[in-house]
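In: heads up, no residue letters with this:
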DNA sequence: TTTTGACTTGTCAATATTTGTCTAATTTAA
DNA sequence: TTAAATTAGACAAATATTGACAAGTCAAAA
């Protein structure tokens, strides 16, 4: 489930129109349409706006949004598994960093 | 081990000067210095050039390079583990995609 | 069939970011 | 101290991103 598909699903469940949500976000309907279809990438600020408009937790939406971006970076790499393993290691190091 | 630290180590092992490697890459010494110190991000093209100049496999260098970028995206996220798990799922889906 | 409303697409100027180089430090090694 | 290597800062040029507008498609209502 991509970010776009996810927010579209949420919007439809709430029976909201593109124009209603877009208006709450202060953006053009066309732009929100593109974000939902994945032809445009939302800015972080817009993800926050969406969380408000759709009454979902910001971190939940950000999870989908960040995952999307990372998947996009990795989708053409042959050794994405190896890369992810390394990322996990490095993150672990970071969080164990004292001070 | 970050990308910058890694290529610096490789360069020093080979006893090459910044200016020698930078010249092979057709970039300014100052830029390579910044890349090694992590204050500038190499372009993918430059990673390829580095692989040649340092006689290392491109995919090995790209692994460090991509991991760096992803770590940077995640370093301020509280739920990075969750995000990575989602990424792994999505990647798995992608590779299982028939046609 | 025409009209209407919701959504989508293509294009473009404005804005923002990235890039690489230059010059001027600073550090290092002799 | 000197000379070479490396680093920092500032800048213009190149590139990328952004959001809006206008025009398009599509389905359902009239």
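Out: Now that the structure is in, tell me what you want to look at. Everything numeric here is computed off the predicted structure, so don't read it as measured data.
In: Tell me the gap between stretch A:66-85 and the middle of its chain.
Out: Relative to its chain's centre, stretch A:66-85 lies at 15 Å (C-alpha atoms, centre = their mean, to the nearest Å).
In: so where does the residue nearest the centre of chain A fall, helix or strand?
Out: The centroid of chain A falls nearest to residue A:65 when counting by C-alpha atoms, centre = their mean (1.4 Å). Following DSSP states H and E, one finds residue A:65 within helix A:58-74.
In: which bits of chain A sit near chain B?
Out: A:2, A:59, A:62-64, A:66-67, A:69-71, A:73-75, A:77-84, A:86-88, A:90-91, A:94 (C-beta under 8 Å from any C-beta of the partner chain). No exception for glycine: its C-beta is placed from N, CA and C like everyone else's.
In: Low-confidence stretches in chain A?
Out: For chain A, the stretches flagged by pLDDT under 70 are A:98-99.
In: Swap in 50 and give it another go.
Out: Low-confidence segments of chain A, defined by pLDDT under 50: A:99.
In: one step back: just list what the helix holding residue A:65 packs against, helices and strands only.
Out: Applying 3 or more C-beta pairs under 8 Å, 6 or more residues apart in numbering or on different chains; DSSP states H and E, we find helix A:58-74 packed against helix A:3-13, helix A:44-54, helix A:80-96, helix B:58-74, helix B:80-96.
In: Of all these, which one is nearest residue B:11?
Out: Residue B:11 lies closest to helix B:58-74 among those, at 12.0 Å (C-beta to C-beta).
In: near DNA strand C, which of the residues of chain A next to chain B show up?
Out: Among the residues of chain A next to chain B, proximity to DNA strand C is found for none (C-beta under 7 Å from any atom of the strand).
In: residues touching the residue nearest to residue A:19 when sequence neighbours are not counted, list them.
Out: Once flanking residues are discounted, residue A:19 sits nearest to residue A:29: 4.8 Å by C-beta to C-beta, 6 or more residues apart in numbering or on different chains. By C-beta atoms under 8 Å, 6 or more residues apart in numbering or on different chains, the contact set of residue A:29 is A:18, A:19, A:22.
In: coming back round to it: mind putting the helices and strands packed on helix A:58-74 into CSV with distance to residue B:8?
Out: Below are the helices and strands packed on helix A:58-74 laid out as CSV (distance: least, C-beta to C-beta, whole Å):
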stretch, distance to residue B:8
helix A:3-13, 36
helix A:44-54, 32
helix A:80-96, 17
helix B:58-74, 11
helix B:80-96, 26
